[in-house]
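Q: sharing a model that was predicted from the sequence below.
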Amino acid sequence: MLEPKELSLEVTELKKYFRVGGGTLKAVDGVSFSIARGETLGLVGESGCGKTTCGRTCVGLYPKTAGQVRYRGQDVHRLRGSARKAFTKQVQTIFQDPYASLDPRLTVTDIIAEGIKNHNLCPGAKERRERVFDLLEQVGLNREHASRYIHEFSGGQRQRIGIARALAVDPEFIMCDEPISALDVSIQAQIVNLLIRLQRERDLTYLFIAHDLSMVKHISDRIAVMYLGVMVELTSSEELYTHPAHPYTKALLSAIPIPDPKVEERRVRTVLEGDVPSPINPPQGCRFCGRCAMATDRCAQERPQLREISPGHLAACHLI
Ligand SMILES: Nc1ncnc2c1ncn2[C@@H]1O[C@H](COP(=O)(O)OP(=O)(O)OP(=O)(O)O)[C@@H](O)[C@H]1O
Ligand SMILES: [Mg+2]
């Protein structure tokens, strides 16, 4: 019999609001999902839909407004003392723009060794240096890079350094916030392949954020689609690409070419018009209503709940 998979992250009705001049901005407005240990959950949606806010709140970088986030059973927002310290080692983040997130005044060694020092993982300077060299090799760089500064590297190399920094403390979970969006397409695949290899070698769990669906399929076991602070669809990558249910997911998929001619043939193209509405006064019914070609009166009035439309496939739409 199959053992039930151990849960890594459990997010329940999470809300994160920001106070802004014009009122309350509902960046994340009641999102629930879980990630099993060793799994990759892709989180996709257009710019401003709340992916970064969701990711950052999940890993405790932002306080929450409501709901709950549990990491291996512990409430992320209530961790104190040694439990908090352990969490900051177990859970790491990789950012979209390594140039902005890596200190330009530090050498690569200093950047990578910072977490090792903070968590006292390698007391001797010599061992620490060896560990940095080893990490550089694991991400496809070498020891000659160790004494250089971040401006001396290409975008892809910088992201490799960002990955080495995250790996330095031997984490279990990495929140990857659009780690490939700023890179050339040819480099994107290299970084994704590196992350996949590292995951296998180190049994890592990923929350992988992306704004389009082109690369996420290769890395994600399941994919969650977000729209204006809520989740509109959640299922396995395979199912999402072959049987997308939500009109928003279909529109996102329309934007990318599918190499499989059989899938391409069946596909109905939907073009996404207009912009994402403001999260300060989001639409009362379905949040996608104003941009949905199929919307009815009910869609404008009543918010659709995320429900199981087939085993393991969740969607929030009145028309499915
Ligand atoms: N610190 C903040 N204060 C106020 N509003 C914020 C803050 N951070 C994000 N927002 C707002 O919350 C909403 C969600 O932003 P978020 O950055 O989470 O979106 P995103 O999906 O990551 O977008 P992108 O693809 O551009 O990175 C946006 O309307 C944004 O303007
Ligand atoms: Mg973002």
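A: Arrived safely, thanks for sending. Ligands and ions are numbered 1, 2, ... in the order given.
Q: how about the residues of the stretch 151-300 of the chain by ligand 1?
A: By the rule CB under 6 Å from any ligand atom, the part of the stretch 151-300 of the chain lying against ligand 1 is 211, 279. Quick note: C-beta positions are derived from backbone N, CA and C, even for glycine.
Q: show me the strands in the stretch 201-320 of the chain, by range?
A: In chain order, the stretch 201-320 of the chain shows strands spanning 205-210, 222-227, 230-236, 307-310, 313-315, with DSSP state E, counting those that start in this stretch as the criterion.
Q: do the same with the stretch 1-150 of the chain
A: All strands of the stretch 1-150 of the chain, identified by DSSP E, counting those that start in this stretch, fall at 7-20, 23-36, 40-44, 66-71, 74-75, 91-94.
Q: okay, the ones you listed in CSV with mean neighbour count and distance to E178 next?
A: Converted to CSV, the strands of the stretch 1-150 of the chain look like this (neighbours: other CB atoms under 10 Å; distance: least, CB to CB, whole Å):
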stretch, mean neighbour count, distance to E178
strand 7-20, 17, 18
strand 23-36, 20, 16
strand 40-44, 26, 10
strand 66-71, 18, 20
strand 74-75, 14, 27
strand 91-94, 23, 9
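Q: still on that earlier bit, columns mean pLDDT and mean neighbour count on top of the strands of the stretch 201-320 of the chain, output as a markdown table?
A: As requested, these are exported to a markdown table (pLDDT from 0 to 100; neighbours: other CB atoms under 10 Å):
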| stretch | mean pLDDT | mean neighbour count |
| --- | --- | --- |
| strand 205-210 | 97 | 26 |
| strand 222-227 | 98 | 25 |
| strand 230-236 | 98 | 24 |
| strand 307-310 | 96 | 13 |
| strand 313-315 | 98 | 22 |
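Q: and those as CSV, adding distance to E13?
A: Rendered in CSV, the data for those read as follows (distance: least, CB to CB, whole Å):
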stretch, distance to E13
strand 205-210, 17
strand 222-227, 15
strand 230-236, 11
strand 307-310, 15
strand 313-315, 14
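Q: closest to L272 out of those?
A: Ranking these by proximity to L272 (CB to CB) places strand 222-227 first, at 10.7 Å.
Q: burial count for the residue lying closest to Q96 once chain neighbours are set aside?
A: Excluding the flanking residues, the one nearest Q96 by CB to CB, 6 or more residues apart in numbering is E178, at 3.9 Å. Applying other CB atoms under 10 Å, we find 22 other residues in the vicinity of E178.
Q: likewise the one 4 residues further on?
A: Using other CB under 10 Å, the number of residues around A182 comes to 18.
Q: correct me if wrong, but it is in a strand.
A: No. Counting by DSSP: H, G, I helix; E, B strand; the rest coil, A182 is located in no strand; its state is coil.
Q: wait, it touches F95, no?
A: No. In this structure, A182 sits apart from F95 without contact. The criterion is CB atoms under 8 Å, and the distance is 9.6 Å.
Q: circling back: among the strands of the stretch 201-320 of the chain, which is nearest I174?
A: When the strands of the stretch 201-320 of the chain are ranked by distance to I174, counting by CB to CB, first place goes to strand 205-210 at 5.5 Å.
Q: please tell me how far that closest one is from the chain's geometric centre.
A: Once both centres are worked out by CA atoms, centre = their mean, to the nearest Å, strand 205-210 turns out to sit 3 Å from its chain's centre.
Q: give me the helices and strands touching it, please.
A: With contacts defined as 3 or more CB pairs under 8 Å, 6 or more residues apart in numbering; DSSP states H and E, the secondary structure elements packing on strand 205-210 are strand 7-20, strand 23-36, strand 40-44, helix 51-58, strand 173-177, helix 185-202, helix 216-219.
Q: try 6 Å
A: The criterion is 3 or more CB pairs under 6 Å, 6 or more residues apart in numbering; DSSP states H and E, and the helices and strands that strand 205-210 contacts are strand 40-44, helix 51-58, strand 173-177.
Q: and these as CSV, adding mean pLDDT?
A: Compiled in CSV, the helices and strands packed on strand 205-210 are given as follows (pLDDT from 0 to 100):
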stretch, mean pLDDT
strand 40-44, 98
helix 51-58, 98
strand 173-177, 97
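Q: adding distance to Q68, write these out as CSV.
A: Below are those laid out as CSV (distance: least, CB to CB, whole Å):
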stretch, distance to Q68
strand 40-44, 17
helix 51-58, 11
strand 173-177, 17
